[in-house]
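A.B. asks: Output the structure for:
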Amino acid sequence: MKRIIAVTLIAYSSFLLSCKNTPVPIEEGFTSILADSTMNIQVTATNNQTYYEFGFKFQVLKDGKIAKLGTKLPNAGSYRVSIWDAKSKTVLLEKVVNQTQANKQHWVNISLLPIIKDKEYLISVLANNWNDAFQKTGKAIEYPIEKGNIKLLRFAYTSQPSSSSPPKFPNMTDNYYSISGFVDFGFISN
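C.D. replies: Down below sits the predicted model:
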C-alpha cells in the first residue's frame, strides 16, 4: 500500500511540474487577421513628409495582460507604440519598437500590462510609412472583427507633424476599406 501511495505522489508531482513548464499561449489579434485568407496586403510608398498615428480600437473578451508590442512596416526603424485607454484618451503604456528588417514583423516584450474584459483600448504606432490591409472582396471592412479573445472595433488615425511628436489620440475613422500602419500586441488571457 505504501508503494502505491508513493508512486501516486511521484506521478502527481511530475504532473504538477509539467504544468508549470507549459508555455502560456499569446494571442496576436491583428497578426492573425492578416494571416486570414480574406485579406490582401499592399505596401504603400513612403511619404517622408507626412506622419500618422495609426491604430485600432479594441476590446478583449477575457481579463488578461498585454505581454508584447509589435510592428510590421515597410521600412526598418524605431517606432513609438502606444496603448491608450480609449474612453479617457490617455496613454497607459508607451514603448519604442526597433523593427530591424523592412516589412518583417518585430516584437518587443514589455512589463505585463493588465487589461479588462469589455473595456475599450486603442493601440497606435507613429510612422511615415505603412502597409494597408483590404478585404479581397473589395467591400468595406465589417467591424467588429473577432479573433480568439481579441475584438477589433475600428481603425483610427490622425496626422502628426514629425517623428518626435508627442502621442496624439487617433480619432479619425473615415477609412472603412483598409487598415493601415500594422501594429499589434500579444495578449495573455487570465
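A.B. asks: Off-centre distance for stretch 99-118?
C.D. replies: What separates the centre of stretch 99-118 from the centre of its chain is 6 Å, taken as C-alpha atoms, centre = their mean, to the nearest Å.
A.B. asks: wait, stretch 79-90
C.D. replies: Between the mean C-alpha position of stretch 79-90 and that of its chain there is a distance of 12 Å (C-alpha atoms, centre = their mean).
A.B. asks: right, and the helix or strand after the helix or strand of the chain with the lowest mean pLDDT?
C.D. replies: Comparing every helix and strand of the chain by mean pLDDT, DSSP states H and E singles out helix 2-20 as the least confident one, with a mean of 51. Beyond helix 2-20 on the C-terminal side, the first helix or strand identified by DSSP states H and E is strand 27-28.
A.B. asks: thought S78 was touching T100?
C.D. replies: No: counting by C-beta atoms under 8 Å, no contact exists between S78 and T100, whose distance comes to 9.9 Å. No exception for glycine: its C-beta is placed from N, CA and C like everyone else's.
A.B. asks: Low-confidence stretches in this protein?
C.D. replies: For the chain, the stretches with pLDDT under 70 are 1-22, 45-47.
A.B. asks: Please enumerate the helices of this structure.
C.D. replies: In the chain, the helices defined using DSSP state H lie at 2-20, 29-35.
A.B. asks: Which strands and helices lie in contact with the last one?
C.D. replies: In other words, helix 29-35. strand 64-72, strand 145-147, strand 150-160, strand 182-189 (3 or more C-beta pairs under 8 Å, 6 or more residues apart in numbering; DSSP states H and E).
A.B. asks: Now find how far off-centre it is within its chain.
C.D. replies: Here the centre of mass of C-alpha atoms in helix 29-35, compared against the chain's by C-alpha atoms, centre = their mean, lies 9 Å away.
A.B. asks: For Q105, which non-adjacent residue is spatially closest?
C.D. replies: Among residues not flanking Q105 along the chain, K72 sits closest, at 4.4 Å (C-beta to C-beta, 6 or more residues apart in numbering).
A.B. asks: quick one: the one you found from K62, how far?
C.D. replies: K72 sits 25 Å away from K62, going by C-beta to C-beta, to the nearest Å.
A.B. asks: Between the two, point out the one with more neighbours.
C.D. replies: A direct count of neighbours by other C-beta atoms under 10 Å for K72 and K62 places K72 higher, at 24 against 16.
A.B. asks: these two touch, right, that one and A102?
C.D. replies: No: between K72 and A102 there is no contact, the gap being 9.7 Å when judged by C-beta under 8 Å.
A.B. asks: show me the contacts for I141.
C.D. replies: Taking C-beta atoms under 8 Å, 6 or more residues apart in numbering as the definition of contact, the neighbours of I141 are Q135, F155, Y176, Y177, S178, I179.
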